[in-house]
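1. this one's sequence-less:
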């Protein structure tokens, strides 16, 4: 049985070690995590509530506390950390939202993990453009101001960061991460070229696991988001990037629906929302759920194991509970990925 919500919230207030000390992972087969890998990544996305909100719903706070038990070496966030993308929000309101994120999410996570790597989402710093430039230029300005002030305290071994936080690369042990500005459907040609250069460089080639993260997915996953403007305009560019650089995975958010898939020889991971508005998957009648995903890297075994937990009953999402395939309105069919990802072989120094 999942841990009762009231008991969970009581434990959450007891501190970082409380969830582990109770043994609830071990006592509940439904909530049994796999053994910790040599390196653990936690993946979250879409935390925001309604436009302008400076607070977060209970599932976000629960997820932040859960990270304390998971003790990840690095937390990756695929965007939508605050609730912008509304014309009329002024700099004071935007700064207040980032202050709320700092208080309720970033600082607690940094105290309990090895680092935090954000990607910009459409509600954080949308890259959509009009005739006069960025449609939400103030959002981008205040987001850049917030993250640049904290760049040195995020626990990241950054390789290249121009312009941070919109695009950058980092190395975390055997993992190389490229963060794209996919905060709208259009990723610039310059960004695609930059990403290819990063993933082709020696630090990336020597890494055993290469991961790319951006907010929008290449194809439809979530019900109500399967349309132009809600997916990448040039998904073939992503496929070519991953194939040309032998990269292992693209992580995205935005569709608020968890689904690990493979298409055309590339691996995709659509993260569920941790915050408001979880969505059903395409072709799936299952109720929507907030989730948090963990990647455990086992170097000797040469694989990466994916585990996802839903944040209401705190149960592991079993792969067999997901559809075998999703069929977007445009683009190829997405086949559910059940197997662990394979790491590159160990390279001689």
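-> Thanks, I have the structure now. Just so we're clear, the structure is a prediction, and the values are computed from it rather than from any experiment.

2. middle-most residue in this protein, spatially?
-> Central residue of the chain (C-alpha atoms, centre = their mean): residue 78, 3.4 Å from the mean position.

3. I'd say that residue and residue 120 touch.
-> No. Contact between residue 78 and residue 120 fails when scored by C-beta atoms under 8 Å: they sit 9.7 Å apart. Every residue, glycine included, has its C-beta placed from N, CA and C.

4. helices and strands of the protein: which one bottoms out on pLDDT?
-> Lowest on mean pLDDT, DSSP states H and E among the helices and strands of the chain sits helix 5-12, with a mean of 38.

5. what is in contact with residue 78 and residue 120 at once?
-> When contacts are counted by C-beta atoms under 8 Å, 6 or more residues apart in numbering, the set common to residue 78 and residue 120 consists of residue 215.

6. give me the phi and psi for the residue nearest to the centre of the chain.
-> Here is the backbone geometry of residue 78 (degrees, to the nearest 10): phi -90, psi 20.

7. ok, it to residue 258 distance?
-> 12 Å (C-beta to C-beta, to the nearest Å).

8. and for the two, which residues touch both?
-> residue 271.

9. ok, how many other residues are close to the residue nearest to residue 319 when sequence neighbours are not counted?
-> Once flanking residues are discounted, residue 319 sits nearest to residue 338: 4.8 Å by C-beta to C-beta, 6 or more residues apart in numbering. Residues contacting residue 338 under the criterion other C-beta atoms under 10 Å number 12.

10. likewise residue 88?
-> Neighbours of residue 88 using other C-beta under 10 Å come to 7.

11. and what of residue 194?
-> Other residues close to residue 194 by other C-beta under 10 Å number 19.

12. the helices in this protein, which residues?
-> 5-12, 18-21, 24-27, 58-70, 91-101, 107-111, 122-125, 137-148, 189-200, 202-206, 235-244 (DSSP state H).

13. quick one: the closest residue in space to residue 281 that isn't next to it in sequence from residue 279, how far?
-> Closest residue to residue 281 apart from its sequence neighbours, by C-beta to C-beta, 6+ apart: residue 257 at 4.7 Å. Residue 257 sits 5 Å away from residue 279, going by C-beta to C-beta.

14. quick one, what contacts residue 294?
-> 33, 40, 41, 42, 43, 70, 72, 306, 307, 308, 309.

15. what pLDDT does residue 257 get?
-> On the pLDDT scale, residue 257 is placed at 98.

16. quick one: which of residue 257 and residue 279 has more around it?
-> residue 257 (30 against 20).

17. from what I see, that one and residue 286 are in contact.
-> No. Counting by C-beta under 8 Å, residue 286 is not a contact partner of residue 257; they are 9.8 Å apart.

18. okay, and the common contacts of these two?
-> residue 280.

19. need the overlap of contacts for residue 257 and residue 279.
-> Contacts common to residue 257 and residue 279, judged by C-beta under 8 Å, 6+ apart, are 222, 223, 225, 273, 288.

20. dump the residues you listed into CSV; add neighbour count as well.
-> Formatted as CSV, these follow (neighbours: other C-beta atoms under 10 Å):
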residue, neighbour count
222, 27
223, 16
225, 20
273, 29
288, 19
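
21. list just the nearest of these to residue 149.
-> Relative to residue 149, the closest of these is residue 273; by C-beta to C-beta it sits at 26.7 Å.

22. any idea how far that closest one lies from residue 256?
-> 4 Å.

23. anything in contact with each of those two?
-> 46, 279.

24. flag every buried residue along stretch 337-349.
-> Buried residues in stretch 337-349, counted by 16 or more other C-beta atoms under 10 Å: 337, 340, 341, 343.

25. got a markdown table for the residues you listed, with pLDDT too?
-> Output for the buried residues of stretch 337-349, formatted as a markdown table (pLDDT from 0 to 100):
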| residue | pLDDT |
| --- | --- |
| 337 | 97 |
| 340 | 95 |
| 341 | 97 |
| 343 | 97 |
